[in-house]
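Asker: After the sequence you'll find the predicted model.
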Amino acid sequence: MTAPVGVVEGADGRLRCPWGTSAEDYVAYHDSEWGRPVHGDDALFERISLEAFQSGLSWITILRRREGFREAFGSFHIPTVAKFTDADRTRLLADAGIIRNRAKIDATLANAGVLVGWEPGELDALVWSHAPDPATRPAPRTGADVPAVTEESAALAGALKRRGIRFVGPTTAYALMQACGLVNDHMEACDFR
């Protein structure tokens, strides 16, 4: 029996989005995390930061270093990262457990400095205010049905930039929306939709 259009049968017989079977790390991420709602300012700060670090790289590169990122960036606790000093910046630039990109590190530190001044829940509310109505989004049948940018992701990126958040554009914002469950881009026939 062949799998329906747009999905791949995994070794366990479950149907998944094609990218969700390409590596063991992806299987776990696809099945238990991707597309599930994420709330909380620190959790969303982590996802915004990791999406920025992913820019220009494959997500598997970030996924495999995620624990290193969490250790290096104080579990992405906004008040902790906002207190990082030049010595911390130097430490991060030398940390082989993360992506040592100066612009991305500087953006993460600057973003924490901005976010520490926001009210609790303000980042969560801003991000989730850009979630489209699920009824307006048909389930994708193939990868060709999944956009890289949407009107909502452009609006989210613009809102974050206007509030001082760096290294976020419409494509990065859309990846954030997918990862954090603002949109459900699991294929129509995916067992994890």
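Answerer: Right, received. Where do you want to start?
Asker: so where do the strands sit in the protein?
Answerer: When assigned using DSSP state E, the strands of the chain occupy the ranges 8-9, 15-16.
Asker: can I get these in JSON lines with mean pLDDT, distance to residue 191 and mean neighbour count?
Answerer: Backbone N, C-alpha and C define where each C-beta goes, glycine included. Formatted as JSON lines, the strands of the chain follow (pLDDT from 0 to 100; distance: least, CB to CB, whole Å; neighbours: other CB atoms under 10 Å):
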{"stretch": "strand 8-9", "mean pLDDT": "94", "distance to residue 191": "10", "mean neighbour count": "16"}
{"stretch": "strand 15-16", "mean pLDDT": "97", "distance to residue 191": "5", "mean neighbour count": "22"}
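Asker: in this structure, which segments are predicted with low confidence?
Answerer: Flagging of the chain using pLDDT under 70 yields the residue ranges 1.
Asker: switch the cut-off to 50
Answerer: Within the chain, not a single segment meets pLDDT under 50.
Asker: Could you measure from residue 122 over to residue 106?
Answerer: When distances are taken as CB to CB, to the nearest Å, residue 122 and residue 106 turn out to be 23 Å apart.
Asker: which residue sits closest to residue 116, ignoring its sequence neighbours?
Answerer: By the measure of CB to CB, 6 or more residues apart in numbering, the closest residue to residue 116 outside its immediate chain neighbours is residue 82, 3.8 Å from it.
Asker: That neighbour touches residue 112, doesn't it?
Answerer: Yes. Counting by CB atoms under 8 Å, residue 82 touches residue 112, with 4.3 Å between them.
Asker: More neighbours: which of the two?
Answerer: Counted by other CB atoms under 10 Å, residue 82 and residue 112 do not tie: residue 112 has more neighbours, with 23 against 17.
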